[in-house]
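Novice: Sequence isn't available, so here's the structure alone:
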């Protein structure tokens with residue numbers, strides 16, 4: 001049994017991270033889930049949320065936006081639209097995005113075609129603010 005997981009975090013634009021880690025916690029579509037070495041093979045979807053990974057006693061946090069996770073043979077591959085490690089998030093920009101999304105949602109009804117888009121923008125901004133706060 002392996003003692004570490006080989007973890008690759010990838011967006012369409014870049015390889016965000018490639019590292020050996022002890023544990024991963026991710027925001028699955030059906031709820032948060034964890035992966036440890038010797039995890040059973042898995043292919044699942046991610047929602048907007050906070051992905052956390054642990055190396056030794058240190059935890060690292062990443063804001064992720066929709067994607068997929070594949071677990072096989074102690075290798076975890078996460079493919080997401082966007083991924084922002086806590087130390088790369090511009091907190092002021094995230095707060096501005098939150099304000100814009102809140103204002104837009106005040107003017108929309110749940111039936112409006114743009115409601116889901118603005119709700120996702122609100123969720124992304126909230127997660128980015130939460131994750132950015134973890135690096136301070």
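Specialist: That came through fine. Bear in mind that the values here come from a model prediction, so they are computed numbers and not experimental data. Numbering: from 1, shown residues only.
Novice: List the residues that contact residue 28.
Specialist: By C-beta atoms under 8 Å, 6 or more residues apart in numbering, the residues touching residue 28 are 44-47, 69. Using the backbone N, CA and C atoms, a C-beta is placed for each residue, glycine as well.
Novice: ok, now residue 45?
Specialist: Taking C-beta under 8 Å, 6+ apart, one finds 28-29, 66-69 in contact with residue 45.
Novice: Do a quick rundown of the helices in this protein.
Specialist: 91-106, 115-134 (DSSP state H).
Novice: Could you check how far residue 118 is from residue 112?
Specialist: Counting by C-beta to C-beta, to the nearest Å, the separation of residue 118 from residue 112 is 9 Å.
Novice: Same drill for those two, tell me which one is more crowded.
Specialist: Neighbour tally, residue 118 and residue 112, criterion other C-beta atoms under 10 Å: the higher count belongs to residue 118, 19 against 13.
Novice: Return the per-residue confidence for the residue nearest to the more buried one when sequence neighbours are not counted.
Specialist: Nearest residue to residue 118, sequence neighbours excluded (C-beta to C-beta, 6 or more residues apart in numbering): residue 104, at 4.5 Å. Among the per-residue scores, residue 104 shows a pLDDT of 92.
Novice: cool, and residue 133?
Specialist: Each residue has a pLDDT score; the one for residue 133 is 89.
Novice: these two touch, right, residue 66 and residue 29?
Specialist: No: Residue 66 is not in contact with residue 29 according to C-beta atoms under 8 Å; the separation is 9.2 Å.
Novice: so what sits against both of the two?
Specialist: 45-47.
Novice: and which of those is nearest to residue 33?
Specialist: Distance to residue 33 across the shared contacts of residue 66 and residue 29 (C-beta to C-beta) is lowest for residue 46, with 9.7 Å.
Novice: Please report how far that closest one lies from residue 111.
Specialist: Remark: distance between residue 46 and residue 111 (C-beta to C-beta) = 27 Å.
Novice: Residue 29 too?
Specialist: Taking C-beta to C-beta as the measure, residue 29 and residue 111 are separated by 23 Å.
Novice: Pick out whichever of those two has more residues nearby.
Specialist: Shown here are residue 29 and residue 111; by other C-beta under 10 Å, residue 29 has more neighbours (11 against 6).
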